[in-house]
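**Student:** structural data only, the sequence is not supplied:
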């Protein structure tokens, strides 16, 4: 086998790896948006389609893992090529988790459809749009190998955190006003947390991309805006 053929074959494997990551990123973005649309429209069929499509993402992750292991075993890559394969495995894992969160939202949407509409539901689409943009932008940065764009995504995750903290407080108030709101509001809280965690995984990808491009990790402390863990819950107080 000629060295030219080996190089072409290796380049093709790298392209397949990149294409699989890009496809997974597109699915993560679209499934998150579709899951939230199912919540807003109270569309159980649409929600079910998100759950069913999670199988495709799982297969893509397996494809990435298998291809990466093959390349590590047979090609013995070094330097930037080794970083590219290593980060592809990590990024695929983060994207698979985002799709899992979208499926979780969709499953809760089907349950939520059995209850009367809940007022604070209007905040979820805003959170999801921002988280979806983080996913889109970080995948664009991956395709372009743009560490600056990845860093911008890393910085913007704080906005999703702040929206989650605000929705957390709103839902707590809503539940204390009327115990009948506790069930539906609990589902919304879990949905909001799924969106917030999706943003966290987008920033993980941004960190991996920064490492891929520069060869050194991003050492700054990640900005966080989620203060929900500090909220004091005081049940039984008289309501205004």
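**Tutor:** The structure has been received and is ready for your questions. If you're wondering where the values come from, they're calculated on a predicted model, not measured in any experiment.

**Student:** going forward, measure contacts between C-alpha atoms and count neighbours the same way
**Tutor:** Noted.

**Student:** what element comes up after the lowest-mean-pLDDT helix or strand in the chain heading to the C-terminus?
**Tutor:** When the helices and strands of the chain are compared on mean pLDDT, DSSP states H and E, helix 3-41 comes out lowest with a mean of 89. Tracing the chain past helix 3-41, the next element assigned as helix or strand by DSSP states H and E is helix 44-75.

**Student:** buried residues in the least confident helix or strand of the chain, which are they?
**Tutor:** By neighbour count on 16 or more other C-alpha atoms under 10 Å, the buried set for helix 3-41 is 10, 13-14, 17-18, 20-22, 24-40.

**Student:** so how far is that helix from its chain's centroid?
**Tutor:** Once both centres are worked out by C-alpha atoms, centre = their mean, to the nearest Å, helix 3-41 turns out to sit 14 Å from its chain's centre.

**Student:** wait, residue 202 sits on residue 137?
**Tutor:** No - the pair formed by residue 202 and residue 137 falls short of the contact definition of C-alpha atoms under 8 Å, at 9.0 Å.

**Student:** where does residue 223 land on pLDDT?
**Tutor:** You'll see residue 223 listed with a pLDDT of 68.

**Student:** repeat that for residue 87.
**Tutor:** The confidence metric pLDDT takes the value 95 at residue 87.

**Student:** in which helix or strand would I find it?
**Tutor:** Assigned by DSSP H and E, residue 87 belongs to helix 79-112.

**Student:** how far off helix 44-75 does that helix point, in degrees?
**Tutor:** Helix 79-112 and helix 44-75 meet at an angle of 160 degrees, taking axes from the mean of the first three to the mean of the last three C-alpha atoms, to 10 degrees as the criterion.

**Student:** in stretch 61-70, what's buried?
**Tutor:** 61, 63, 64, 65, 67, 68.

**Student:** and for stretch 122-142?
**Tutor:** Within stretch 122-142, the residues scored as buried using 16+ other C-alpha under 10 Å are 123-125, 127-142.

**Student:** how about stretch 51-58?
**Tutor:** 51, 54, 57, 58.

**Student:** ok, the third one to residue 88 distance?
**Tutor:** It stands for residue 57. Residue 57 sits at a distance of 14 Å from residue 88 (criterion: C-alpha to C-alpha, to the nearest Å).

**Student:** coming back round to it: find the residues that touch each one of residue 202 and residue 137.
**Tutor:** Counting by C-alpha atoms under 8 Å, 6 or more residues apart in numbering, the shared contacts of residue 202 and residue 137 are residue 153.

**Student:** mind checking pLDDT for residue 232?
**Tutor:** What the model reports for residue 232 is a pLDDT of 49.

**Student:** give me the angle between the least confident helix or strand of the chain and helix 79-112.
**Tutor:** Counting by the same axes, to 10 degrees, helix 3-41 points 20 degrees away from the direction of helix 79-112.

**Student:** re earlier: which members of the buried residues of stretch 122-142 occur in strands, if any?
**Tutor:** Helix and strand membership here follows DSSP state E; of those, not one is in strands.
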